[in-house]
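> Below is the structure, and that's it, no one-letter string:
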């Protein structure tokens, strides 16, 4: 259906800010990444059967129903064991590393950027399982929030307790053995990108708190796990490496530390990490034309540009909570707005107009970033880009996630 400017404004919540550079500092509230005020308005619209939201809502209903039948996920379910010998330690392989076709027994592994080795996404390790856990939890929490039914919240709480609290099944709060390379290294700092989905898990916990099914003891246990993990991120060698990574990994590290610090009540650390993001990663990753050069040089440049913008949008949202203007920040002509503008100008154009390599060009990946840009700046170019993408991707879950951005 055709979305008018006023209808789209309702979706992206354009009335929330007059200008990104002039927003007032908000009091810290329990909402983490999601814009809960907008979500309340969407809830009312869904109850009215508003056609703007029905395709995305119907997709959510279907997927949440499926999630009810899935098992409770645990890191102890993997068939391989990390170098520690402890299956409670998260374990994954680097997705772009493949057996060496000329090496003995496939060693040493070789890197093929953008080409995922399916052996890295099996139940032998934890990366697929972690994504399934976060995806199911998001679906169940959103389903409960938008149309409360305790069975969805109950399943979500079972998932949470299995992953974080149960002594037999819980994950240890570290990522020492993430994105290992067979025959080369037991784990790498770069593997910390895997736990970006734990931001969505924390968002889901926030949504589920009013259900009455999360006990104070359980909530305290979840927050302790997150606090312990954040401490590991800030003090480990792997965390140090990821904190200084030059591409989307560094931005997603910032987003994780900021989100987890807000979730656990450490506002001072969240504020510090937001400033680090602006000065260390945003200013160094975006050039004066708005290109995120570390992403445009890759074989999946459109995907990774949008993937980086998703991290940027998270930081913009946390800046709103902290009264720290990330959306409007600029240094030497390098701004977040220019970075979003690069994708906005490509929206609706053919693959041949994208001037960089992308072996799996997928236009819909820009839906979340453009909705975030329209919400933040409310300018005609971003509004048109968001309108075009929403019209062609009306079932996209980002339509129901104001404030957040999901790019897988």
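Structure's in. What do you need? Quantities reported herein were computed from a predicted structural model and do not represent experimental measurements.
> So residue 279 versus residue 200, what's the distance?
According to Cβ to Cβ, to the nearest Å, residue 279 and residue 200 sit 26 Å apart. To be clear about C-beta, it is placed using only N, CA and C from the backbone, and glycine gets the same treatment.
> okay, now residue 150: neighbour count?
By other Cβ atoms under 10 Å, the residues close to residue 150 number 12.
> Give me the distance between it and residue 129.
Counting by Cβ to Cβ, the gap from residue 150 to residue 129 is 26 Å.
> other SSEs contacting the helix ranked longest in the chain?
Longest helix in the chain, counting residues (DSSP state H): helix 301-322. With contacts defined as 3 or more Cβ pairs under 8 Å, 6 or more residues apart in numbering; DSSP states H and E, helix 301-322 has these neighbours: helix 248-263, helix 267-276, helix 293-296, helix 336-346, helix 367-377.
> redo that, cut-off 10 Å
Applying 3 or more Cβ pairs under 10 Å, 6 or more residues apart in numbering; DSSP states H and E, we find helix 301-322 packed against helix 248-263, helix 267-276, helix 283-285, helix 293-296, helix 336-346, helix 367-377.
> from what I can see residue 118 touches residue 95, true?
Yes. Between residue 118 and residue 95 there is a contact under Cβ atoms under 10 Å: 9.4 Å.
> Between the two, which is the more surrounded one?
Just comparing residue 118 and residue 95: by other Cβ under 10 Å the higher neighbour count belongs to residue 95, 19 against 7.
> tell me the secondary structure for the more buried one?
Three-state call for residue 95 (DSSP: H, G, I helix; E, B strand; the rest coil): coil.
> Show the contacting residues for it.
112, 114-121, 127, 179, 193-194 (Cβ atoms under 10 Å, 6 or more residues apart in numbering).
> how about 6 Å then?
116, 120 (Cβ atoms under 6 Å, 6 or more residues apart in numbering).
> now it: how far from residue 81?
From residue 95 to residue 81 the distance is 20 Å (Cβ to Cβ).
> ok, now residue 367?
Counting by Cβ to Cβ, the gap from residue 367 to residue 81 is 39 Å.
> cool, residue 150 as well?
The value you get for residue 150 to residue 81, if Cβ to Cβ is used, is 37 Å.
> Then residue 288?
48 Å.
> more neighbours, those two?
Ranked by neighbour count (other Cβ under 10 Å), residue 288 and residue 81 place residue 81 first, with 14 against 10.
> ok, so what distance separates the more buried one from residue 282?
In terms of Cβ to Cβ, residue 81 sits 39 Å off from residue 282.
> contacting residues for residue 64?
Counting by Cβ under 6 Å, 6+ apart, residue 64 makes contact with 139, 140, 143.
> just residue 111 next, same as before
Residue 111 touches 96, 97, counting by Cβ under 6 Å, 6+ apart.
> can you count the residues close to residue 86?
Going by other Cβ under 10 Å, the residues that sit close to residue 86 add up to 14.
> Distance from stretch 283-296 to the middle of the chain?
In terms of Cα atoms, centre = their mean, to the nearest Å, the centre of stretch 283-296 is set 20 Å apart from its chain centre.
> thought residue 294 was touching residue 247?
Yes. Counting by Cβ atoms under 6 Å, residue 247 is a contact partner of residue 294 at 3.7 Å.
> Tell me which helix or strand residue 178 sits in.
Using DSSP states H and E, residue 178 maps to strand 177-180.
> Buried residues in that strand, which are they?
Of the residues in strand 177-180, 177, 178, 179, 180 count as buried by neighbour count, 16 or more other Cβ atoms under 10 Å.
> Toward the C-terminus from it, list the very next helix or strand.
That would be, after strand 177-180 and using DSSP H and E, helix 197-208.
> Return the residues in contact with residue 107.
By Cβ under 6 Å, 6+ apart, the neighbours of residue 107 are residue 183.
> And the pLDDT at it?
In this model, residue 107 is scored at 76, pLDDT.
> What backbone torsions are found at the residue sitting furthest away from the middle of the chain?
Relative to the C-alpha centroid of the chain, counting by Cα atoms, centre = their mean, residue 104 is the outermost residue, at 38.2 Å. Here is the backbone geometry of residue 104 (degrees, to the nearest 10): phi -70, psi 130.
> Endpoints of stretch 173-180, how far apart?
17 Å (Cα to Cα, to the nearest Å).
> can you give me the helices in the stretch 101-250 of the chain?
Under the criterion DSSP state H, counting those that start in this stretch, the stretch 101-250 of the chain carries helices at the ranges 127-146, 150-160, 197-208, 216-235, 237-243, 248-263.
> pLDDT averaged over the shortest one - what is it?
By that I understand helix 237-243. Helix 237-243 comes out at a mean pLDDT of 98.
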